[in-house]
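1. I'll drop the sequence and a predicted model, then ask my questions.
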Amino acid sequence: MPAGQTGQLAFEFGGVQKSRHVASLAESRRVSYAAGSGREPRPDLTGRQLVVGAAIIRDGRLLAARRVEPPELAGGWELPGGKVEPGEDDHTALVREIAEELRVHIQPGARIGGDWLPGDTYVLHVYLARLAVGAQPLPAEQHDAIQWVGLADFDAVAWLPGDVEPARTALRAAT
């Protein structure tokens, strides 16, 4: 569906089709906190770019995508996603990014973890996501390959350090 258009897309939930109207350079740290609890202060996120990642799960396996750019990330595997643009919410950005990067439509679901901090520049929000029924992701733009990994073969790909913990956490939550 071209950008800016809306329509009906079918998504599969546990084998049942439903329709829906569709309008990491360093070690990652997950920062979770209970608002007002005083136990873990919220980190200062000032100046960080918000990025979103899709934990796309199919048949108990997680989709990983291999980066081709920038040079310092080339060859590393990650959760697909990207920057949240001004005026976008997380879900809107995730749907847009996945359409650009994998040429498929998704339905974002529950957020996994709190604020993941891959280095000093970004704050990452990760969401479980489902592919539209019949969708076949293809690497495009910033990726040259995709691979489905499970818990048993999770380390078969060379994950970017900032994606290891969020990806493993998402896979465990979904299986």
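-> Cool, got the structure.
2. can you give me the strands in the protein?
-> Ranges of strands in the chain, per DSSP state E, are 8-13, 16-21, 28-31, 49-58, 61-67, 77-78, 81-83, 106-118, 122-131, 143-149.
3. Rounded mean pLDDT for the shortest one, please.
-> Think strand 77-78. Averaged over strand 77-78, pLDDT sits at 96.
4. repeat for the second one
-> Regarding strand 16-21, the rounded mean pLDDT is 38.
5. Next: stretch 132-151.
-> In this model, stretch 132-151 carries a mean pLDDT of 93.
6. OK, contacts around residue 149?
-> Shown here is residue 149, whose contacts under the criterion Cβ atoms under 8 Å, 6 or more residues apart in numbering are 61-62, 64, 156-157, 171. Glycine gets a C-beta too; all of them are placed from N, C-alpha and C.
7. Go again with 6 Å.
-> Residue 149 is in contact with 62, 64, counting by Cβ atoms under 6 Å, 6 or more residues apart in numbering.
8. what pairs with it across the strands?
-> Bridge pairing for residue 149 (DSSP bridges) gives the partners residue 62.
9. burial count for the closest residue to residue 140 other than its chain neighbours?
-> Take residue 140 and drop its neighbours on the chain: the residue closest to it by Cβ to Cβ, 6 or more residues apart in numbering is residue 103, 5.4 Å away. Here the count is done by other Cβ atoms under 10 Å, and residue 103 has 14 residues near it.
10. Any figure for the gap between residue 103 and residue 72?
-> 25 Å (Cβ to Cβ, to the nearest Å).
11. Kindly report the same for residue 172.
-> Noted for residue 172: a distance of 28 Å to residue 72, by Cβ to Cβ.
12. okay, those two: which has more neighbours?
-> Using other Cβ under 10 Å as the criterion, residue 172 and residue 72 rank with residue 172 on top: 12 against 9.
13. Could you list the low-confidence segments of this structure?
-> Low-confidence segments of the chain (pLDDT under 70): 1-45.
14. Serialize the strands of the chain to TSV and add fields for distance to residue 97.
-> Output for those, formatted as TSV (distance: least, Cβ to Cβ, whole Å):
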stretch	distance to residue 97
strand 8-13	16
strand 16-21	18
strand 28-31	18
strand 49-58	7
strand 61-67	11
strand 77-78	12
strand 81-83	4
strand 106-118	10
strand 122-131	11
strand 143-149	11
